[in-house]
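[1] Next one to model:
(chains A and B)
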Amino acid sequence: MNEAAMKAIRVTTSVNGTSYTRAVEPRLLLSDFLRNELGLTGTHVGCEHGKCGACTVLVGGRAVRACLMFAVQAEGKSVETIEGLAAGADALHPIQRAFIDCHGLQCGFCTPGMINSTRALLAANPAPTDQEIRAGLAGNICRCTGYVNIVKAVRQAANEMRTTAAPEGVSK
Amino acid sequence: MKPKPFDYVRVDTLPALFSALAAHDNAKIIAGGQSLVPMMNFRVAQPEVLVDINGVEALNHVGRDGDWLCIGAMARYQDLIDSPLVRESLPLLSEALGHVGYPAIRNRGTLGGSVVHNDPSAEGGVALCCLGAEVVVASAKGERVVPIAEFFVTTYLTDIAPHEVLTEIRIPVPLPRSGSAFRELAKRVGDFAIVNVAALVSVGAGDKVSAVSLALGGVAETPLSFDVGPAVIGHPLDAARAAEAARLVDALSDPQDDNVAGGEYKRHLAGVLVKQALLAAYIDAMAKGA
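    All right, here's what the predicted structure looks like:
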């Protein structure tokens, strides 16, 4: 048994409503846990020090950086990733739909983080101003699309979600 | 995996925390982890044992104790910003914490962790200096209370021993007819400030300033208070008085160049922000009525 395996700790966490138990090293970041242990590669890893926002997921309903949490800290917590958002392959969430409609993505690398931050933003504030949208997404960096269409997408999603009023059960 | 391997201990009570700290050398407490985990990912920090206090309910509180507001070490930024009690008792703190990082950072980061970390332009530290806060530092042997200005030793260094933990921040609630303001300039929203300023002004008879407190971040190794009383106490606060206060701050500070801005620029910025913050705090106090 190597040193790493000796130090492994069991962690049980709910991801997108499914409970997973794994034995992991304490130093395994939540972002790497989601990607490498669970195969949920929609959580993107950019800077790995909390600056870029690509790995933003919801933990206990709140947007957090998955690269600034250890997987062992997700013990007993409920994690939501981009994979859990759409109801099915043909049933994109209004936020996903809006990002496509408004050309809110180009390469798509930042998009899962952008969308998770948007979920938390709209859950707390269903009718944000453009300034509030920008503040809500300030921690998510896009390097190719530009922010104008992203803000536009969030605006569209907010409008649509208000009119359809489907509560998502997340809070900021 | 980025960080160096470490052992992980999760504690739920203070006695368990003290036992864990006593049992290990080179142990590090993790609260919100929003500064510590980046440092571990860069391997700037390499603790052998990480003691996780996220589950210590006794540290997750916000409450009034007479004329003091008491904030537990595990209270997260967003909870403090959302707290009606904090907003009503200490609007300066609510305003300052709104400038911390981004939503995802505020959802996880704690004021207690930031105070122990002591970045010289951290908004929380600047506000706490201005408000004259104290911190409670505990160990298995008991507690001690340290004024915030003494707790901040120098950049990234505070008056806390490896076997100790910051349990609570205690902040005196300002006088009734007081106003406050927080001003900062950062390169981008959520970045650490180049310079930030917290101001607290109390007014008395004739709308004259009866007390003033001012603290700046980014101009020294730690957040720092400046006594600008001689410039403003006993007078209504106008632009000329605010400028005189800014001159006092300038004479007492010597900001250094860093990788974000030059010392001369910070000096200029401090003057501008001090004037803005003092005048805004005075207007805020005047709005509270006579």
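
[2] Okay, and the spatially closest residue to B:Leu200 that is not a sequence neighbour sits in which element?
    Once flanking residues are discounted, B:Leu200 sits nearest to B:Ser213: 4.3 Å by CB to CB, 6 or more residues apart in numbering or on different chains. C-beta coordinates here come from the backbone N, C-alpha and C atoms, glycine included. Under the criterion of DSSP states H and E, B:Ser213 resides in strand B:209-217.

[3] Looking at the closest residue to chain B within chain A now. What's its pLDDT?
    For chain A, the nearest residue to chain B under the criterion CB to the nearest CB is A:Gly139, separated by 2.5 Å. Per-residue pLDDT puts A:Gly139 at 96.

[4] List the contacts of it.
    Applying CB atoms under 8 Å, 6 or more residues apart in numbering or on different chains to A:Gly139 gives the contacts A:53, A:56, A:117, B:101-105, B:190.

[5] what pairs with B:Val62 across the strands?
    B:Ile71 (DSSP bridges).

[6] Three-state assignment for A:Arg155, please.
    For A:Arg155, the assignment made with DSSP: H, G, I helix; E, B strand; the rest coil gives helix.

[7] count of neighbours near it?
    17 (other CB atoms under 10 Å in any protein chain shown).

[8] one step back: tell me the one of the contacts of A:Gly139 nearest B:Glu123?
    Taking CB to CB as the measure, B:Gly101 is the one of these closest to B:Glu123, at 9.2 Å.

[9] Mind pulling up the pLDDT for the residue nearest the centre of chain A?
    Compute the mean C-alpha point of chain A, and by CA atoms, centre = their mean the closest residue is A:Val57, 2.9 Å away. pLDDT for A:Val57: 98.

[10] Enumerate every residue touching it.
    A:30, A:34, A:43, A:63-64, A:66, A:79-82, A:116.

[11] Can you give the distance from the host helix or strand of it to the centre of its chain?
    Take DSSP H and E as the rule and A:Val57 turns out to sit in strand A:56-59. Remark: strand A:56-59 is offset 5 Å from the chain centroid, using CA atoms, centre = their mean, to the nearest Å.

[12] Next: stretch B:6-13.
    26 Å.

[13] Quick check: chain neighbours aside, which residue is closest to residue 33?
    You didn't pick a chain, so chain A it is. In space, A:Phe33 is closest to A:Ala71, 3.6 Å off (CB to CB, 6+ apart).

[14] sorry, should have said chain B
    A:Leu68 (5.7 Å).

[15] That neighbour reaches B:Met39, doesn't it?
    No. Counting by CB atoms under 8 Å, A:Leu68 stays clear of B:Met39, with 10.6 Å between them.

[16] which of the two has more neighbours?
    Neighbour count, other CB under 10 Å: between A:Leu68 and B:Met39, A:Leu68 has more, with 27 against 18.

[17] just checking, what's the longest helix in chain B?
    Longest helix of chain B, by residue count under DSSP state H: helix B:263-286.

[18] Would you mind listing what in chain A touches chain B?
    A:3-4, A:7, A:9, A:25-29, A:32, A:48-50, A:53, A:56, A:62-65, A:67-70, A:72-73, A:75, A:117, A:120-121, A:134-136, A:138-140, A:172 (CB under 8 Å from any CB of the partner chain).
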